[in-house]
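Q: got a sequence here, can you build the structure:
(one chain, ligands or ions: 1)
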Amino acid sequence: MIRFDNVSKTYARQKRPALQNVSLEIEKGEFVFLVGTSGSGKSTFLRLMLKEERPTTGSVHVLGKDLGRLSNWRVPHFRRQLGTVFQDFRLLPNKTVAQNVAFALEVIGKPRAAIRKTVPEVLDLVGLGGKEERMPGELSGGEQQRVAIARAFVNRPLLLIADEPTGNLDPQTSVGIMKLLDRINRTGTTVIMATHDQAIVDQMRKRVIELHHGQLVRDQSRGVYGYQH
Ligand SMILES: Nc1ncnc2c1ncn2[C@@H]1O[C@H](COP(=O)(O)OP(=O)(O)OP(=O)(O)O)[C@@H](O)[C@H]1O
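A: Below is the predicted model of the structure:
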């Protein structure tokens, strides 16, 4: 599903590489935590998977495609097969909860009738049934993140990429969000999540990949957070 072959990335005008000789494989259906101190390369790793950045050397394969050979005009179609969730939710503030989720389907040309049916289903799945007409500003942080997850999942992506999805949430709310991501993972969606949340990584006991100064220093199944920060 995902393969990094000897991937290094040095940003323009930087001396130190953000990623250095990273090789790994992630299989379909896995749940993977990406950990490491600030600046260790986690976001760079995720951006390479989305083809938002290109490696300086090495190759990245995602969903069977060599991203180095994927032409730019195919990138939007490629990204539609991935769902993304971020720390800061990134909802459209002037659209309702339902409109935020519907928008993800409108941009890919889904028929109206299908949208009308799917949006309430996915909002129920994330525990937001009854809040369809609220504006994002009228929701708690945890609820806003549930909307973001609904939006990411409504296309049934094969891969969900989450960059610190619990970074702005209190511990109890974070547990709810993790239960939801776990449920999504159980439907067969591969989940890759960058995080600084020690309690969550220790609780979930999933595969843990640790980066340090851009190098892969640990790859552990049923792992723990493993370092002090
Ligand atoms: N667009 C960029 N241009 C130049 N340097 C960058 C850019 N993005 C990241 N870097 C550098 O690359 C290194 C890795 O950064 P990255 O954002 O991948 O780390 P991270 O592990 O996600 O950190 P954090 O946990 O703080 O989000 C850092 O030294 C950072 O300063």
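Q: so, low pLDDT: which residues of the chain?
A: Within the chain, the stretches with pLDDT under 70 are 228-229.
Q: and the helices in it?
A: 42-49, 75-79, 97-106, 112-125, 141-153, 171-186, 198-204 (DSSP state H).
Q: in contact with the spatially most central residue of the chain, which residues?
A: Centroid-nearest residue in the chain, with Cα atoms, centre = their mean: residue 161, separated by 1.6 Å. Contacts for residue 161 (Cβ atoms under 8 Å, 6 or more residues apart in numbering) come out as 46, 49, 50, 82, 83, 84, 85, 192, 193. Heads up, the C-betas are built off the backbone N, CA and C, glycines and all.
Q: repeat that for 6 Å
A: 46, 84, 192 (Cβ atoms under 6 Å, 6 or more residues apart in numbering).
Q: related to what we said a few turns ago, using JSON lines, lay out the helices of the chain together with mean neighbour count and distance to residue 55.
A: Listed next are these as JSON lines, based on neighbours: other Cβ atoms under 10 Å; distance: least, Cβ to Cβ, whole Å:
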{"stretch": "helix 42-49", "mean neighbour count": "22", "distance to residue 55": "6"}
{"stretch": "helix 75-79", "mean neighbour count": "13", "distance to residue 55": "15"}
{"stretch": "helix 97-106", "mean neighbour count": "21", "distance to residue 55": "28"}
{"stretch": "helix 112-125", "mean neighbour count": "15", "distance to residue 55": "34"}
{"stretch": "helix 141-153", "mean neighbour count": "24", "distance to residue 55": "25"}
{"stretch": "helix 171-186", "mean neighbour count": "17", "distance to residue 55": "27"}
{"stretch": "helix 198-204", "mean neighbour count": "17", "distance to residue 55": "26"}
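Q: quick one: closest of those helices to the ligand.
A: The closest of these to the ligand is helix 42-49. By Cβ to the nearest ligand atom, the value is 3.2 Å.
Q: how is this structure carved up into domains?
A: Following the TED database, one finds the domains of the chain at 20-81+157-223, 93-156.
Q: what residues does the chain have near the ligand?
A: By the rule Cβ under 6 Å from any ligand atom, the part of the chain lying against the ligand is 11, 14, 18, 36, 38, 39, 40, 41, 42, 43, 44.
Q: out of those residues, which are buried?
A: 18, 36, 40, 41, 42, 43, 44 (16 or more other Cβ atoms under 10 Å).
Q: neighbours of residue 193, how many?
A: 27 (other Cβ atoms under 10 Å).
Q: about what we covered before: which one of the contacts of residue 161 is nearest to residue 68?
A: Closest approach between those and residue 68, by Cβ to Cβ: residue 46, at 17.1 Å.
Q: any chance of the helices of the chain in TSV, plus distance to residue 24?
A: Below are the helices of the chain laid out as TSV (distance: least, Cβ to Cβ, whole Å):
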stretch	distance to residue 24
helix 42-49	10
helix 75-79	20
helix 97-106	29
helix 112-125	30
helix 141-153	23
helix 171-186	18
helix 198-204	17
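Q: which of these sits closest to residue 217?
A: Ranking these by proximity to residue 217 (Cβ to Cβ) places helix 42-49 first, at 12.6 Å.
Q: would you confirm that residue 202 contacts residue 224?
A: Yes: with contact defined as Cβ atoms under 6 Å, residue 202 counts as touching residue 224 (4.9 Å).
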